[in-house]
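# I would like to see how this sequence folds:
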Amino acid sequence: FLTDGAISLLEDKAKSKFTNKIYTYYEIYKGNRRLNTAIMDTHILRSRTQTIFVVFDNKGKISSTEILAFYEPGEYIMSKKWLDQFLGKNLKNKLIPRKDIARVSGATISYNETTKAIRRTLSLYNYIYN
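Numbering: from 1, shown residues only. This next block holds a predicted model:
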């Protein structure tokens, strides 16, 4: 559960608006050592929702991204190849659409909002662990 103060701090780091105060995250352990953390972000694209699942290694770098739910027309969903450009990235990477992130013709809202969601999960990861 995020306070208003935490949300303000996170929005500044993510360069994206947080519309939720509650986020779900999962930790994967081997013995006492945390190996991975996964964070889900559900957000509105045009008029319907998308849920993205971002997995981080224990150093805060993205090791996997998956679209869990997508209720817009199928032609607007980001491909696995497009999502793979986030692998190995962390909060130090700016991840600015059209500059650092490849454009997707005909799916501008999806790629902008998906990029913002990934930046939100990056800022949440760093808020939780740093």
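# just the helices in this structure please.
4-14, 80-83, 108-129 (DSSP state H).
# What's the end-to-end length of stretch 92-106?
29 Å (CA to CA, to the nearest Å).
# Give the buried residues for it.
For stretch 92-106, a neighbour-count test (16 or more other CB atoms under 10 Å) marks 95, 97, 101, 104 as buried. (Each C-beta comes from the backbone N, C-alpha and C, glycine too.)
# rewinding a little: so which of the helices of the chain is nearest residue 50?
Closest approach to residue 50 among the helices of the chain (CB to CB): helix 108-129, 7.1 Å.
# thinking again about what came up before, pick the most buried one from the helices of the chain.
When you average the neighbours per residue for each of the helices of the chain (mean count of other CB atoms under 10 Å), helix 108-129 leads with a mean of 21.
# I'd like to check the angle between that helix and helix 4-14, please.
Angle between the axes of helix 108-129 and helix 4-14 is 120 degrees (criterion: axes from the mean of the first three to the mean of the last three CA atoms, to 10 degrees).
# So for the residue nearest in space to the middle of the chain, what's the pLDDT?
When CA atoms, centre = their mean is applied to the chain, the residue found nearest the centroid is residue 118 (2.0 Å). Reading off the confidence values, residue 118 has pLDDT 96.
# Out of the helices of the chain, flag the one nearest residue 39.
Residue 39 lies closest, by CB to CB, to one member of these: helix 108-129, at 4.3 Å.
# ok, and what's touching stretch 54-61?
Residues from elsewhere that reach stretch 54-61 (CB atoms under 8 Å, 6 or more residues apart in numbering): 33-41, 62-66, 86, 88-91, 118, 121-122, 125-126, 129-130.
# Tell me which stretches of this protein form strands.
Ranges of strands within the chain are 25-30, 33-44, 49-57, 62-70, based on DSSP state E.
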